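Engineer: build the 3D model from these lines:
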Amino acid sequence: MISFKRPLELILEPNRIIPRTMYLKNYILILGAKYRYYILFINSIKISVINVVGNLVTSSLAGYAFARLKFKGRDFFFLLILATLMIPPQVTIIPRFILFHWMGLVDTHYSLILPGLFSVIGTFMMRQFFLQIPFELSESAYIDGASEYRTFFQVIFPLAKPAIISIIVINFTWHWNDFQNPLIFLRSQKLFTIPLGLNFFAEENDTQLELVATASVLSSLPMIVVFIIAQRHFITGLTSGGIKG
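Structural biologist: Numbering: from 1, shown residues only. The predicted structure follows:
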C-alpha cells in the first residue's frame, strides 16, 4: 500500500493504510532511466536461471546414478556427499574468494554461478524420488532395447516432475535472495543483484519510503509468482522425498 502512495500522503496521513489514489509513478520512477532498477532484475534473473538449470541437470544425473545404477563405492560416495552438509557455507568463503581471485573471476557473475551448479540437497531429493519409481519400468525399457541414457531421459526423468519443480523453486528462491555472496564477490554496480542493489538503494533513499517500498515489492514479485505456480507440485515433491530412504 505504501508503494502506491504519494510522498505527501505519507507525511500527512502516515496511519492511513489504503491510499486515496493508486499512484503508479513510483513504479515508473524505479523502473525508469533514473534508478535503472531493471538492471538488477536482469542480473538476478540471469544468475538464478543459469543456476537452476545447471543444478537441475547435475542433481538429476547424480540422483539417478546413486538411486538406480550399481557401481563400487556407491553408498560410500553418497554418504560422503551428504557429509558436506555439515560444513557451514561461511567456512568456504575465504577459500572460494582466493580461488576465484586467482582465476580472475572476482567481480564477475561466474563467481556466483559456478558454486551453485551443484547442490547436495538437490541430489538427495532426486535420489529419494528415483528410488520410489518401480525398477520394472527400467527393466522393460532395457528389454525393448533402450540404452541407459534413453531410459533416463524418456522413462525415468519425466516421472520426477514434483521433485524437479521442488528443486526449481528452492534454487530459484535461494539464488534470488542471496545477499552474502554478491556482497563479497561483486564490486561493480552494473553487476549487482536484487538483494545487494536493494540494500544500497534503501541506504541512499532512506527518506523516500514510498520508493523503497516500491523496490521491495518489485523484488518480491518473482518469488511469489514462482511459488504460486509451482505450489502444488512443490509440496508433493517435498513430502514424497522423505518416504523411502
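Engineer: in this structure, which residue is most central in space?
Structural biologist: The geometric centre of the chain, computed from its C-alpha atoms, lies nearest to Phe172 (C-alpha atoms, centre = their mean), at 2.0 Å.
Engineer: pLDDT score for it?
Structural biologist: Among the per-residue scores, Phe172 shows a pLDDT of 90.
Engineer: residues of the strand or helix carrying it that come out buried?
Structural biologist: For Phe172, the element it lies in under DSSP states H and E is helix 161-177. By neighbour count on 16 or more other C-beta atoms under 10 Å, the buried set for helix 161-177 is 162-176. (C-beta placed from N, C-alpha, C; glycine too.)
Engineer: can you spell out which helices and strands pack onto the helix or strand harbouring Val217?
Structural biologist: Here Val217 is covered by helix 209-240, with elements defined by DSSP H and E. Helix 209-240 sits against helix 7-12, helix 25-31, helix 37-68, helix 120-132, helix 161-177, helix 194-204, with contacts defined as 3 or more C-beta pairs under 8 Å, 6 or more residues apart in numbering; DSSP states H and E.
Engineer: can you tell me how far the residue nearest to the centre of the chain sits from Asn205?
Structural biologist: For Phe172, the distance to Asn205 (C-beta to C-beta, to the nearest Å) stands at 27 Å.
Engineer: and the nearest residue to Leu137 once chain neighbours are set aside, how many residues sit next to it?
Structural biologist: In space, not counting the residues next to it along the chain, Leu137 is nearest to Val155; the distance is 5.7 Å by C-beta to C-beta, 6 or more residues apart in numbering. Here the count is done by other C-beta atoms under 10 Å, and Val155 has 17 residues near it.
Engineer: how much space between Val155 and Arg16?
Structural biologist: Between Val155 and Arg16 the distance, using C-beta to C-beta, works out to 59 Å.
Engineer: now do His101
Structural biologist: In this structure, His101 and Arg16 are 51 Å apart, going by C-beta to C-beta.
Engineer: could I have stretch 164-176 exported to CSV, CA atoms only?
Structural biologist: The C-alpha atoms that make up stretch 164-176 are tabulated as CSV, following Å, rounded to 0.1, in the frame of the first residue of the first chain:
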residue,chain,number,x,y,z
ILE,A,164,12.1,-31.3,-10.4
ILE,A,165,9.7,-28.4,-9.6
SER,A,166,10.7,-28.5,-5.9
ILE,A,167,14.4,-28.1,-6.9
ILE,A,168,13.5,-25.3,-9.2
VAL,A,169,11.6,-23.4,-6.5
ILE,A,170,14.2,-24.0,-3.8
ASN,A,171,17.2,-23.0,-6.0
PHE,A,172,15.4,-20.0,-7.6
THR,A,173,14.4,-18.7,-4.2
TRP,A,174,17.9,-19.2,-2.7
HIS,A,175,19.8,-17.5,-5.5
TRP,A,176,17.3,-14.7,-5.9
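Engineer: right, I'll call it a day here.
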